[in-house]
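Asks: Could you work out the structure for the sequence below:
(2 chains)
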Number of protein chains: 2
Amino acid sequence: MGSSANVDAGDRTTNCDGVSVDKGVDFANYFCTYGFLYHQKKMLCDRVRMDAYFNAIFDNKEHFHGKTVLDVGTGSGILAIWSAQAGAKKVYAVEATKMSEHARELVKANNLQDVVEVIEVDVIISEWMGYFLLRESMFDSVICARDRWLKPTGVMYPSHARMWVAPIRSGLGDKNMSDYESTMNDWHGFLDETKTYYGVDMSVLTKPFCEEQRKYYLQTSLWNNLHPHQIIGTPATIKEIDCLTVSINEILNVTANFSSWITVEKTRLCGFAGWFDVHFRGSRENPARHEIELTTAPSIDNGTHWGQQVFLLHPLRVSEGDNMIVSFSMNRSKENHRLMEVELGCEMKQSSGKMVGPITKKFYIE
Amino acid sequence: MGSSANVDAGDRTTNCDGVSVDKGVDFANYFCTYGFLYHQKKMLCDRVRMDAYFNAIFDNKEHFHGKTVLDVGTGSGILAIWSAQAGAKKVYAVEATKMSEHARELVKANNLQDVVEVIEVDVIISEWMGYFLLRESMFDSVICARDRWLKPTGVMYPSHARMWVAPIRSGLGDKNMSDYESTMNDWHGFLDETKTYYGVDMSVLTKPFCEEQRKYYLQTSLWNNLHPHQIIGTPATIKEIDCLTVSINEILNVTANFSSWITVEKTRLCGFAGWFDVHFRGSRENPARHEIELTTAPSIDNGTHWGQQVFLLHPLRVSEGDNMIVSFSMNRSKENHRLMEVELGCEMKQSSGKMVGPITKKFYIE
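Replies: Residues are numbered from 1 along each chain as shown, chains lettered A, B, ... in the order given. Modelled structure (predicted):
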């Protein structure tokens, strides 16, 4: 490739604007350059480029003969045509600009229409949602496919997604705390024995062991299908995603500050639950006739395999009318981009006027 | 989706390892879960999930009738089959795990093999390279396609890429500096006139105008096809990419520290040039019979439309045997992920023993 927006030593009029990454603008800025035959010709006339690909393909026909080939961003279709001429069984040639029409004509004129298929997609359907929507980071692949495959008039199934957080009560924390305490008691017994029987003092490892176990028992979010009665306050939407326009950058981090009111008389705030819903609405130009919702919210009869993610805090007595200010921030784990790290902060203004907190805690969605 | 590595409130044995993002490991950890029918069944039994997609498709048949549909990560193939049953002209169902074989059988058993095509790709061919290799960030799409489309035994065309930097001499800097000076002189005339004729003092804008023009004239890298004689020192490889295994994370930033020796007697160091080459080598298991190289290095007869990117510094007298320690760091622009920002540092140890620098400068690849 090598589009012409770069500053040429001789011609400085084509400098790029450096606007933010808006899908429409990005498409206009980036892809439209490749929509002109003039620009395609410039690349097709680059003899070094052409010879390299030509020789790479025809000197290595065994890589192509009888094989399925994908040409990502085919442009004029030249690489797809060569692949077919080298004996490919099938070539999928993908192109996001209207150059796809020229590519299709070129394929036909070279009598390769049975082998080369120029792909433009009307609908992308995918079930990409992980726990709490974004775990697994599979949506990245869908975004990439959308940007390269989907026609400008195309639709996404689902078209919209939302993430929710709400305060909950739950007995899960008690079990976890007792498991954690029992593990730490066991560790202290182990230390004594190792000292007595083997003469080695391992107490220097207490702190890292404690941290490791705390992370495992107390800081890892839990999968659970909660009963709706366990929701004790007003849920908040912490993220709204338009699947047709969102960029990967926009889903790397989810940050929200919200307020929630306790709606249950005299109960225990044990933590928060996170879930998602997605909607099938088509696009603005091409709306769905029947809008469908898929929700993973707590439900008596309609639990899903996604359940909810539960983030446990040290329990706190609360009552109806108490108000919480919650801060939520989720990022991908640096060690494994498919897992998530969450920072949760909570400050409580009780209806009596008394302030509690702020409490902050880090969680891992593993 | 919603794979089973998450910590369940009842079963804590499936905790994930949190290893670094190695393509092979990631594939093993992530995709293999979806390679089991047991896991597919779990998702196929999630009635809320199934009903939502079923109704979304069949209540909105007009989105599918006669249309081309892409199912990203088809798994068992259920969404592709429904899309076909709702009247799609063609459904491309992509699946990276061996589940693709089951999906193909399921499609055939439902007599939809003329509409649904389950895609596994043997070769991905793409001409994705931008100026200085990574400008345009189009390689992201190729990586995504590879991760979702390419068979484990598949090959990439090209298979490898390298980025190079070398010290150069060039007359481009003189013209740019004089253009910049003339622009600033013109600005001072404009200030005087605005003050005299309109009574407004605009001198507060001098600093931002100066910064804007410095960026434009002095800090933006230039496109140029250099003559090999303009290379005045040893070139260094600053990045090597294996297209079969590299992740997007690994190309977000390019950082290198290297040493270069001046190889020309008494000349001017005017800056650095960056270029790339790519190789077509197939894969380790399936190597190319003839390895082809495409290089965009300075050349008398074989210039390319990519040329080289020139980073100009304030000129410095150098001579053969002088040694430079160069630090290079390139990141995507926060404003537009297809453009790049470069930090270049250079310290010179002259053969006389005298030290010059370090000089550091920021550049924009636009």
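Asks: And the helix or strand harbouring A:Asp147, how far out from the chain middle?
Replies: For A:Asp147, the element it lies in under DSSP states H and E is helix A:139-149. What separates the centre of helix A:139-149 from the centre of its chain is 11 Å, taken as C-alpha atoms, centre = their mean, to the nearest Å.
Asks: So which residues of chain A form helices?
Replies: A:23-26, A:37-44, A:47-58, A:78-85, A:99-109, A:139-149, A:172-198, A:206-218 (DSSP state H).
Asks: burial count for the nearest residue to A:Asp140 once chain neighbours are set aside?
Replies: Distances taken as C-beta to C-beta, 6 or more residues apart in numbering or on different chains place A:Ile248 nearest to A:Asp140, at 5.4 Å, with adjacent residues excluded. From N, CA and C alone the C-beta is placed, and that goes for glycine too. Per other C-beta atoms under 10 Å in any protein chain shown, the neighbour tally for A:Ile248 reads 18.
Asks: Now tabulate the helices of chain A in JSON lines and tack on distance to B:Met324, mean neighbour count and mean pLDDT.
Replies: Formatted as JSON lines, the helices of chain A follow (distance: least, C-beta to C-beta, whole Å; neighbours: other C-beta atoms under 10 Å in any protein chain shown; pLDDT from 0 to 100):
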{"stretch": "helix A:23-26", "distance to B:Met324": "37", "mean neighbour count": "14", "mean pLDDT": "50"}
{"stretch": "helix A:37-44", "distance to B:Met324": "35", "mean neighbour count": "15", "mean pLDDT": "76"}
{"stretch": "helix A:47-58", "distance to B:Met324": "29", "mean neighbour count": "18", "mean pLDDT": "91"}
{"stretch": "helix A:78-85", "distance to B:Met324": "39", "mean neighbour count": "24", "mean pLDDT": "95"}
{"stretch": "helix A:99-109", "distance to B:Met324": "44", "mean neighbour count": "18", "mean pLDDT": "90"}
{"stretch": "helix A:139-149", "distance to B:Met324": "39", "mean neighbour count": "23", "mean pLDDT": "86"}
{"stretch": "helix A:172-198", "distance to B:Met324": "55", "mean neighbour count": "13", "mean pLDDT": "89"}
{"stretch": "helix A:206-218", "distance to B:Met324": "44", "mean neighbour count": "14", "mean pLDDT": "88"}
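Asks: if we can go back for a sec, by contact count, what packs against the helix holding A:Asp147?
Replies: strand A:121-125, strand A:150-157, strand B:68-72, helix B:139-149 (3 or more C-beta pairs under 8 Å, 6 or more residues apart in numbering or on different chains; DSSP states H and E).
Asks: could you list every residue that touches the residue nearest to A:Asp140?
Replies: For A:Ile248, the contact set (C-beta atoms under 8 Å, 6 or more residues apart in numbering or on different chains) comprises A:140, A:143-144.
Asks: who does the closest residue to A:Ala288 other than its chain neighbours bridge with?
Replies: In space, and not counting its chain neighbours, A:Ala288 is closest to A:Gly282: 4.0 Å by C-beta to C-beta, 6+ apart. Beta-bridge partners recorded for A:Gly282 (DSSP bridges): A:Pro287.
Asks: A:Gly282 and A:Glu240: what is the separation?
Replies: Computed with C-beta to C-beta, to the nearest Å, the distance linking A:Gly282 and A:Glu240 is 17 Å.
Asks: Could you check which of these two has the larger neighbour count?
Replies: A:Gly282 (22 against 10).
Asks: need the contact list for that one.
Replies: Contact analysis of A:Gly282 by C-beta under 8 Å, 6+ apart lists A:155, A:159, A:288, B:60, B:63.
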